[in-house]
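Student: Would you be able to build a 3D model of this:
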Amino acid sequence: MAHALPHVVHVISSVDPRSGGTTTQLVSLVRAQVEIGMTVTVVSPYRIDFDPSAAEAMQNAGAYVELVGPSTTMTGWHPKLSRVLRDVLVHSHIVHIHGLWQEIQHRAAVISREMGLPYLYSLHGTLEPWSMRQSRLKKYIYMIVRMKKNLAGAAALHYADTIEQELTVEWKLNNPVIIQPYSIDLADFERLPSPGLFRRAFPQVGNDPYVLFLGRLHPRKGLDILIPAFKLGAQQNTKLVIAGPCAEPEFEHKLHFWVKHHGLSDRVIFTGMLDGILRTSAFADAQLCVLPSHSDNFGMTALESLACGTPVIVSDHVALSRTIQRNNLGDVCAVEVHHLGKILETWMNDPQRCKQVGQRGREWVFQDFDGRKNSLSWAQHYDDILKKWSSSRASVVA
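Tutor: So this is what the prediction gives:
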């Protein structure tokens, strides 16, 4: 690795924590990169109802955060985007773009090429089959008109796991590949809250064992599978806690309809978004955490649950699923009601096993997902890209 650490600019469509795991992953990465001495800038648009807590956390860690807005369009367009990006990129060495489909990601790629800067994409599952089926026609047109050229010009494509890479094979992308898991900020999990804290905050949970789903309430997360599977597999004295924000009122209505339809109104608790010690205690008090996603490029919730000593069930469409199965940290289900129901029944009937596997999972996370180690790996990836970039530009000049 070169002696001088590069100045990296992270470009992302939102740093609102309600937008899900991508923001959580970026906050953890930025904190760790600043800690090892990197100069880090984050550029993002924001909306009128923006929650600034994640941006403030990165600023407090020592990163420079440039927010552009308020944006009122679906693509996050704002008239100042290009100017802000140019002002920031002129002082940087490498541009790390998170996601694909928003205006800021397109502008960052175009301006990087104009300025002769290398850029890479963290894809965050955006090219996986489930994701591409959503607004399919718009995305395929956008791919032809804009994204194909942007991807072709990228110095590297980052995947969190080999599963994510395999799911993009139809696109025949020839860029250099980085396989690098996301890190987790373990400071939040070093000391767990006292048992029962979450139950006291939500007394409707009572003293019953509960299954936890925690994350953004979105169709891709598999709640359409989880709710009927819980009805099939969980005993009468168990609860299902669904924690997280929902930006789509129509989908939230669907969730409540499914709960009522399956006769679970007295056993399912919606908490809304949780953060801080309440979030940690929700994991720690749960017997089991479930992430039955139709598509998930990593599974940060699963890592957080294991960091709290709670085993996880994930679908085979979650990138971490092979790792979880290989290390016996929980179970892997098909995205299918009866299969998940049977797995839930097995685990909820064996609290001692849950406790033992959870403790092993906590030890594993603290050993393998250290933020400093991850940030050093990223510094090496950036250095490799910059060396190849400099070499290729030198050969063109010659």
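Student: Does residue 225 touch residue 340 like I think?
Tutor: Yes - using C-beta atoms under 8 Å, residue 225 is in contact with residue 340, at 5.9 Å. Quick note: C-beta positions are derived from backbone N, CA and C, even for glycine.
Student: which neighbours do these two share?
Tutor: When contacts are counted by C-beta atoms under 8 Å, 6 or more residues apart in numbering, residue 225 and residue 340 are jointly contacted by 292, 315.
Student: buried residues in the lowest-mean-pLDDT helix or strand in the chain?
Tutor: Across the helices and strands of the chain, the lowest-confidence element by mean pLDDT, DSSP states H and E is helix 129-133, at a mean of 75. Going by neighbour count (16 or more other C-beta atoms under 10 Å), the buried part of helix 129-133 is 130-132.
Student: ok, and what's touching that helix?
Tutor: For helix 129-133, with C-beta under 8 Å, 6+ apart as the criterion, the contacting residues are 125, 139-140, 167, 170, 220, 294-295, 317.
Student: is it possible to export those to a markdown table including secondary structure and pLDDT?
Tutor: Putting the contacts of helix 129-133 into a markdown table (DSSP: H, G, I helix; E, B strand; the rest coil; pLDDT from 0 to 100) gives the following:
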| residue | secondary structure | pLDDT |
| --- | --- | --- |
| 125 | coil | 79 |
| 139 | helix | 79 |
| 140 | helix | 79 |
| 167 | coil | 81 |
| 170 | helix | 82 |
| 220 | helix | 88 |
| 294 | coil | 90 |
| 295 | coil | 81 |
| 317 | coil | 88 |
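Student: Low-confidence ranges, the stretch 101-250 of the chain, go.
Tutor: Using pLDDT under 70 as the threshold, the predicted model of the stretch 101-250 of the chain has no low-confidence range.
Student: What is the nearest of the buried residues of helix 129-133 to residue 56?
Tutor: residue 131 (29.5 Å; C-beta to C-beta).
Student: Tell me where the protein has strands.
Tutor: Listed from the start of the chain, the chain has strands (DSSP state E) covering 7-12, 39-45, 64-68, 94-98, 119-122, 156-159, 177-179, 210-214, 239-243, 268-272, 288-291, 312-315, 330-333.
Student: Residue 371 is nearest to which of those strands?
Tutor: Distances from residue 371 to each of these were compared by C-beta to C-beta, and the smallest falls on strand 39-45, at 13.2 Å.
Student: Residue ranges in the stretch 251-398 of the chain under the pLDDT threshold?
Tutor: Looking along the stretch 251-398 of the chain with the criterion set at pLDDT under 70, you get 297, 393-398.
Student: And residue 311, how far from residue 354?
Tutor: According to C-beta to C-beta, to the nearest Å, residue 311 and residue 354 sit 5 Å apart.
Student: neighbour-wise, which of these two wins?
Tutor: Regarding residue 311 and residue 354, a neighbour count based on other C-beta atoms under 10 Å identifies residue 311 as having more, with 27 against 20.
Student: right, and the more buried one touches residue 332 too?
Tutor: No - the pair residue 311 / residue 332 is not scored as a contact, 11.8 Å apart, by C-beta under 8 Å.
Student: Domains in the chain, by residue range?
Tutor: Each domain of the chain is listed here as a residue range: 7-183+370-397, 186-368, per automatic domain parsing.
Student: roughly how far apart are the closest residue to residue 29 other than its chain neighbours and residue 79?
Tutor: Once flanking residues are discounted, residue 29 sits nearest to residue 183: 6.3 Å by C-beta to C-beta, 6 or more residues apart in numbering. The span separating residue 183 from residue 79 equals 35 Å under the rule C-beta to C-beta.
Student: tell me the helices in the stretch 251-398 of the chain, going along the chain?
Tutor: Assigned by DSSP state H, counting those that start in this stretch, the helices in the stretch 251-398 of the chain fall at 276-285, 300-307, 321-326, 337-348, 351-368, 371-397.
Student: What sits closest to residue 274 if chain neighbours are left out?
Tutor: With C-beta to C-beta, 6+ apart as the measure, residue 243 is the residue that lies nearest to residue 274, at 5.0 Å, once sequence neighbours are left out.
Student: Pretty sure the one you found sits against residue 213.
Tutor: Yes - with contacts counted by C-beta under 8 Å, residue 243 reaches residue 213, the gap being 6.9 Å.
Student: Tell me which two of the contacts of helix 129-133 sit farthest apart.
Tutor: Using C-beta to C-beta, these span at most 21.4 Å, a distance reached by 140 and 317.
Student: Pick out whichever of those two has more residues nearby.
Tutor: In terms of neighbours (other C-beta under 10 Å), residue 317 is the more surrounded of residue 140 and residue 317; the figures are 26 against 12.
Student: give me the number of residues near residue 363?
Tutor: Taking other C-beta under 10 Å as the neighbour definition, residue 363 ends up with a count of 12.
Student: Quick check: it vs residue 51, distance?
Tutor: Look at residue 363 and residue 51: by C-beta to C-beta, they are 33 Å apart.
Student: what does residue 58 give?
Tutor: Spatial separation of residue 58 from residue 51 under the definition C-beta to C-beta is 13 Å.
Student: Who has more neighbours out of those two?
Tutor: More neighbours sit around residue 58 than around the other of residue 58 and residue 51, counting by other C-beta under 10 Å; the figures are 24 against 19.
Student: how about the closest residue to that one other than its chain neighbours, what does it touch?
Tutor: Spatial nearest neighbour of residue 58, chain neighbours left out: residue 30 (4.8 Å); criterion: C-beta to C-beta, 6+ apart. With C-beta under 8 Å, 6+ apart as the criterion, the residues that contact residue 30 are 10, 40, 42, 58, 61, 63.
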